[in-house]
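Student: Sequence and predicted structure, then a few things I'm wondering about:
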Amino acid sequence: MRLWLGAAVLALGACAAQVPSSTPSGPSFRNQSAPIGVTSRFNAKEFEGLWYVRAGFDPDIRRMAIRMMETPAGRVMRLGVFVCDAAGVCGDFAEDLPVKTLGKGRFVVTMPNGQAREMWVLWVDEGFRTAVLGNKTGEFGWIIDRSTTGGADRIKAAREILDFNGYAVQMLRTVK
């Protein structure tokens, strides 16, 4: 009996070794040993609409906006790089990026380059005006907001959430 149990454990271990690891496809901006989790406040309906990326870890971060929406084909994210006018009105959106929901506040977005990026909503303020997106690998992290300016208290709170979740906030770049 013990020999059979030992063989079963070894076989199970061999199978586990073949499971692909969740390593980042690019540089990681977080200590992966730090705990991380999605917000319990997430609500898909409240999260829909226009968000501006206010800060991120991409060294070439620039004015970007995302729009989460439900379409007849399913949930999509529209992502675009824009030149915005003084009133904060930005140009048209790029293509629809398919979104697959993994659970409450967790989804996978197929990026324009074909890469699947897992995104977690780590935090959102009570009014759904500011949020933090990231993932366990730490390959990206964004502070997003409904406006291109203002909300300094919420932006500060978002930075603190990134720090709490193990992100290297000293590498966070603010969108100019």
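Tutor: Thanks, I have it.

Student: got the contact list for the spatially closest residue to residue 77 that is not a sequence neighbour?
Tutor: Leaving aside its sequence neighbours, residue 77 sits nearest to residue 97 (CB to CB, 6 or more residues apart in numbering; 4.7 Å). All C-beta spots, glycine's among them, are computed from the backbone N, C-alpha and C. Residue 97 sits next to 76, 77, 78, 79, 109, 110, 111, 112 when contact means CB atoms under 8 Å, 6 or more residues apart in numbering.

Student: Could you report the neighbour count for the first one?
Tutor: Residue 76: 18 surrounding residues under other CB atoms under 10 Å.

Student: And for the third one?
Tutor: Residue 78 sits with 17 neighbouring residues when counted by other CB under 10 Å.

Student: what about it, which SS state?
Tutor: Here residue 78 is recorded as strand under DSSP: H, G, I helix; E, B strand; the rest coil.

Student: Now do it, the pLDDT please.
Tutor: Residue 78 is assigned 70 on the pLDDT scale.

Student: looking at it, it is touching residue 71, isn't it?
Tutor: No: applying CB atoms under 8 Å as the test, residue 78 and residue 71 come out as separate, 9.9 Å apart.

Student: shared neighbours of those two, which are they?
Tutor: Taking CB under 8 Å, 6+ apart as the criterion, residue 78 and residue 71 both touch residue 96.

Student: circling back to that earlier point, I'd like the distance between the residue nearest to residue 77 and residue 151.
Tutor: According to CB to CB, to the nearest Å, residue 97 and residue 151 sit 26 Å apart.

Student: Understood, closing this out.
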